[in-house]
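Peer 1: Using only what follows, build the 3D model:
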Amino acid sequence: MRRPDDACPCGSNATYAMCCAPFHAGAEPPDAERLMRARYAAFALGEPRFLYRTLHRDHEDRARPERDFVASLEKHVKRARYRGLRILDRDGPDADGIARVLFAVDVAVAGRDASFVELSSFAVDDGGWRYVGGRSMPKRAAGDLDALRIATFSVASR
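Peer 2: Coordinates of the predicted model:
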C-alpha cells in the first residue's frame, strides 16, 4: 500500500502526495508532461479510472465502456511491475494544440521484460490535458536513449 510520503513512482523525486496523488484524486495536470507522469504512476499504482478519465475523446478506447476498460487494466496491473520512467524529450503545444512527450519505461509483464520507448501526443479536452495516442517501440530497439529525441524517434519508428 502506498503511503502519501512515499516517493512518487513517476520519478519526479517528489513524494506521491506532492506529485501525482492530487491528479489521481481529480485535479488536472497543468501540462502534457505532468499528465504523462501521472498516467505512468497510475499504471504503476493500479489507477485505471484515472487512465480512462485522461483519454482524449477521440482515443479509440473511449468507445469502450469504462467498466470494460477498467477491468482490462486491472488484469494488466496484476501482471505488470513498473520499474522506472525516464523523460527523453518534450515539445509543444504546437499551433494545433498538440504537445508531445518522448519517454522510456522499464516494465516487466508476467516476469518478462516489456520495456519500451513511446512518443505520446496530448491535447486539451474536457477541461484538461488528455492522452491522444502514441507510437512505441521496444526499448532495446531504440538505441542510445541519451541521444534519442522526438525528431530522431519519428524517423526511427517509421
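Peer 1: And the pLDDT at residue 127?
Peer 2: On pLDDT, residue 127 comes in at 84.
Peer 1: Helix or strand with the lowest mean pLDDT in the protein?
Peer 2: Here the helix or strand of the chain ranked lowest by mean pLDDT, DSSP states H and E is helix 150-156, holding a mean of 80.
Peer 1: Let's verify residue 89: helix, strand, or coil?
Peer 2: What DSSP: H, G, I helix; E, B strand; the rest coil gives for residue 89 is strand.
Peer 1: separation between it and residue 70?
Peer 2: 31 Å (Cβ to Cβ, to the nearest Å). In short, each C-beta sits where N, CA and C put it, glycine included.
Peer 1: same question, residue 132
Peer 2: 20 Å.
Peer 1: From what I see, residue 50 and residue 23 are in contact.
Peer 2: Yes - assessed by Cβ atoms under 8 Å, residue 50 is found in contact with residue 23 at 7.1 Å.
Peer 1: Show me which of those two is the more surrounded one.
Peer 2: The neighbour comparison of residue 50 against residue 23 (other Cβ atoms under 10 Å) goes to residue 23, with 25 against 19.
Peer 1: Show the pLDDT at that one.
Peer 2: 97.
Peer 1: Apart from its neighbours in sequence, what residue is nearest it?
Peer 2: residue 38 (4.1 Å; Cβ to Cβ, 6 or more residues apart in numbering).
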